[in-house]
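In: got a structure for you, letters missing:
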Ligand SMILES: Cc1cc2nc3c(=O)[nH]c(=O)nc-3n(C[C@H](O)[C@H](O)[C@H](O)COP(=O)(O)OP(=O)(O)OC[C@H]3O[C@@H](n4cnc5c(N)ncnc54)[C@H](O)[C@@H]3O)c2cc1C
């Protein structure tokens, strides 16, 4: 047992921090947390920044050398992801954290060469095509169809709540390839070029001022080479990806930043002859959030360490998925409590404390206990698959 | 003991429901969220026509003489409909204090016009220090001839862009008690030296910063005695907190109703999601909170209506209701999945408004601290 980072990992942390300080825009402190990476300006910035990280060799450092990695230690990779998320910088995204690992596990040699190399160079922005208007938690009942036709599959149907409006180049998606079998047994996992004819992307405006996308497919042709795993067996590919999505040290990174921000604000802001942090209810809740954040940290590190041993933690991923987002939301609620009536002011408003960052984050992070599987569904996973309780 | 509304109150509530269903559809609410003025004069006039603007004032000022419980019953419906506009501010937070503390001249000047829909008033109490109590009143009012010169900044002034008058708390002096030296003035919005800047609030309503620079107010604008406005601050806080509780009550009731309805119809795993115990428990927990919120809110409103002391009951209610609102917001969204966050779905209308009401006139922590002071001593 050793709950420390190695000295070279600590040194690497400093190096990443130095890089971010130098490479992020000089007014990043003002913009952090408020950039919409799915609108053109933010998307272009994110794309460019991720390419700089790729050139630095950091984006996919833990991957094998032949696929654009550096065979770096997973803990080093973890440090990079943690620091990046703490700074709110674009970094390891769903391509690096989800698509790549899945292709490593399930892809053919050719697919690995092509996709992993491209991902390591931050060549594409990816959207996740899982949910449909009628099917979210019950994903296996999805209706989007993929029918074989010559060298292609032809796709019809729709996907919703994804980030395709953010200039996505590619979508990884689940579609039904067999209607004759039980629902889990007739699904395949595909990689789709978003420039293909027949794709329509419509924005769905959300209450936090950003959007998600509704994507419809009208006879969209997709080459057979773009199926990952066997035909009809994509459910298991897609489910493995979910475990990567549900874990991830970013949950700790962004949580830690918020707690630090609130501690500083509470300490520095006067209230009734003392500071905001002197208010008993506030202090107690902030201390609780601080403690929880430390526990979350180990939960995240443990998953990284299990993954680095080639395991696909399932119960642990779902625990992380309820732990992180629920704590984050609780901390945002506390943040608003620290601001009194000024809590209601939005970014860009005069008198908005902390740039309106808390108000915006409060709304913006609501979806985190839903996206990637709801807290209820993850609790079901923990109870039934993790703890072996009978199905409800 | 009797927890029910009386016949008049029930009638006010049910006719409000009908009126709002007709005149304030969610399409109007959404349009007004983006509108610069934030409400329409047509609807304001209709509200006057149905009598809401005269509801709490005595007949001699053109009013109907209804009590504070009736106003709260109406506000519950107003919140369910997400009615935009300066209704509470004009009638409850400016009109009622003028009725209770104003000179006969001030009452004659303003109340009949409020009652008939010709006058919009906006409460200018909060300052950048973010407090609602007398200690937060820093704006200076200095004697200038028979009147006063006002200097300072007010924020979160609702619908200032449409107001005919501001009801302003200012400081003419100071004492050990922060209530001493507070003076209230009713100031024409067109007075020289007033500038307004829009603020953007989570409720997407119209909130303003209003800066007063050497604004002269004549002696006719005085509300209550010079330096004796501390009790008016307390009263406004009392009314405002209770009214906010009633608004939140309407909002959380609506959130619960929407959720229950959705859960009956959304199918997953071959059955309505409302059949999952996890979600049933979410709903049961929400129902528990709505039930508590309803009775504790009306217990405070009733004390105000009866003229009994209500300080303790009002902060108890606001603390409970605000905390309940936070829980219900989480559970109602959680039960919906992604759809509930979209701007085209109604739930988020309540989410954003309830948060604004929660932090207005004393948030959870302020009220909890007050409870400790008043009840645990
Ligand atoms: C911000 C955000 C980003 C997202 N990004 C993406 C994306 O990029 N790509 C993508 O494909 N999807 C994305 N999603 C969609 C997300 O995966 C779904 O919203 C989620 O899986 C829930 O599905 P649903 O919204 O259809 O809700 P439903 O499945 O209809 O669920 C509604 C309610 O029923 C509950 N429920 C359902 N089944 C059970 C059960 N068996 N037991 C107990 N409770 C149950 C749920 O927990 C929830 O409370 C995103 C969602 C959000 C909010």
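Out: That came through, no problem. Predicted, not measured: the structure shown is a model, and the values here were computed from it.

In: how about residue B:367, what does it touch?
Out: With contact set as CB atoms under 8 Å, 6 or more residues apart in numbering or on different chains, residue B:367 has these partners: B:241, B:315-316, B:318-319, B:322. All C-beta atoms are positioned from the backbone trio N, CA, C, and that covers glycine.

In: quick check, nearest of those residues to residue A:252?
Out: Nearest to residue A:252, judged by CB to CB, of the contacts of residue B:367 is residue B:322 at 29.8 Å.

In: related to what we said a few turns ago, narrow the contacts of residue B:367 to those in helices?
Out: Secondary structure from DSSP state H places B:241, B:315-316, B:318-319, B:322 of those in helices.

In: Between these, identify the one with the most neighbours.
Out: When neighbours are counted by other CB atoms under 10 Å in any protein chain shown, residue B:318 leads the ones in helices among the contacts of residue B:367 with 33 neighbours.

In: how about whichever strand or helix holds residue A:296 against chain B, any contact?
Out: Using DSSP states H and E, residue A:296 sits in helix A:280-308. Yes. Judged by CB under 8 Å from any CB of the partner chain, helix A:280-308 comes into contact with chain B at A:280-282.

In: now that helix: how far from the chain's centre is it?
Out: 18 Å (CA atoms, centre = their mean, to the nearest Å).

In: From the centre of the chain, point out the most distant residue.
Out: In the absence of a named chain, chain A is used. Largest separation from the mean C-alpha position in chain A: residue A:273, at 42.0 Å (CA atoms, centre = their mean).

In: Hmm, no, I was thinking of chain B.
Out: For chain B, the largest distance from the centre (CA atoms, centre = their mean) belongs to residue B:270, which lies 43.6 Å off.

In: Please list all residues in contact with the closest residue to the ligand within the stretch 251-392 of chain A.
Out: Distance from the ligand to each residue of the stretch 251-392 of chain A (CB to the nearest ligand atom) is smallest for residue A:367, at 2.7 Å. Neighbour list for residue A:367: A:206, A:208, B:338, B:341 [criterion: CB under 8 Å, 6+ apart].

In: Regarding the single nearest residue of chain B relative to the ligand, what are the backbone dihedral angles?
Out: Taking CB to the nearest ligand atom, the ligand has its nearest neighbour within chain B at residue B:337, 2.2 Å off. Backbone torsions of residue B:337, given as degrees, to the nearest 10, read phi 80, psi -160.

In: sorry, back to before: can you give me the buried ones in the helix holding residue A:296?
Out: When neighbours are counted by 16 or more other CB atoms under 10 Å in any protein chain shown, the buried residues of helix A:280-308 are found to be A:282, A:285-286, A:289, A:292-293, A:296-297, A:299-301, A:303-304, A:306-307.

In: ok, so of the residues you listed, who is nearest residue A:72?
Out: For the buried residues of helix A:280-308, the closest approach to residue A:72 (CB to CB) belongs to residue A:304, at 12.8 Å.

In: The residue nearest to that closest one when sequence neighbours are not counted - how many residues pack around it?
Out: Closest residue in space to residue A:304, ignoring its immediate chain neighbours: residue A:78 at 4.6 Å, by CB to CB, 6 or more residues apart in numbering or on different chains. Residue neighbour count, defined by other CB under 10 Å, stands at 23 for residue A:78.

In: Which helix or which strand is home to residue A:78?
Out: Following DSSP H and E, one finds residue A:78 within helix A:74-87.

In: Can you check the pLDDT for the residue nearest to residue A:304?
Out: Listed pLDDT for residue A:78 reads 95.

In: Surely it touches residue A:297?
Out: No. Proximity of residue A:78 to residue A:297 does not meet the contact threshold set by CB atoms under 8 Å, at 10.8 Å.

In: Is any residue of stretch A:92-99 near the ligand?
Out: No. Remark: stretch A:92-99 sits outside contact range of the ligand, by CB under 6 Å from any ligand atom, the gap being at least 7.8 Å.

In: Not counting that stretch itself, show me its contacts.
Out: With CB under 8 Å, 6+ apart as the test, stretch A:92-99 has contacts from A:50, A:59-60, A:80-81, A:84, A:115, A:119, A:122, A:124-126, A:128, A:170, A:172, A:191, A:241, A:244-245, A:248, A:250.

In: quick revisit: now the residue of chain B closest to the ligand: how far from residue A:317?
Out: Per CB to CB, to the nearest Å, residue B:337 is found 20 Å from residue A:317.

In: what does residue A:187 give?
Out: In terms of CB to CB, residue A:187 sits 20 Å off from residue A:317.

In: give me the number of residues near the residue in the stretch 51-200 of chain A positioned nearest to the ligand?
Out: Across the stretch 51-200 of chain A, the shortest distance to the ligand (CB to the nearest ligand atom) belongs to residue A:136, at 1.8 Å. Using other CB under 10 Å, the number of residues around residue A:136 comes to 24.
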